[in-house]
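Participant: Need a 3D model of the sequence below.
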Amino acid sequence: MCDVKFTACKHLDFSDNYYAKKQLLSGGKVFWLREAPYEGAARLVQFCKKRGRINFATGCTSAETAVCSDYEEIEHFVNVDD
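Facilitator: Take a look at the predicted model:
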């Protein structure tokens, strides 16, 4: 396990409440890798406390990839499995 520090929307949820594994993006940000419940389902996702699942890995990791107008950037500290 390693601790990762990065900026992203304050509403992203990195708690351990999901059946998914936290993974690192190449830019040092964290996303979720989930088992697809059916063929074609999104596997690389984010989870938002306000909007639920975001179906792409970079969703809300920057102002440019925000999916709504509630984006507010903070610094996250997340523990990621190796």
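Participant: Quick check: the gap between the nearest residue to E75 once chain neighbours are set aside and P37.
Facilitator: The shortest distance from E75 to any non-neighbouring residue, by C-beta to C-beta, 6 or more residues apart in numbering, is to T7 (5.5 Å). From N, CA and C alone the C-beta is placed, and that goes for glycine too. Plainly put, T7 is 30 Å away from P37 if you go by C-beta to C-beta, to the nearest Å.
Participant: tally of neighbours for E39?
Facilitator: Here the number of neighbours of E39 (other C-beta atoms under 10 Å) works out to 5.
Participant: for G28, what are its contacts?
Facilitator: 4, 6 (C-beta atoms under 8 Å, 6 or more residues apart in numbering).
Participant: ok so it is a helix residue?
Facilitator: No. Counting by DSSP: H, G, I helix; E, B strand; the rest coil, G28 is not found in a helix; it is coil.
Participant: element containing the residue nearest to E75, please.
Facilitator: Counting by DSSP states H and E, the element that carries T7 is strand 2-9.
Participant: Show the subsequent helix or strand relative to that strand.
Facilitator: strand 20-24.
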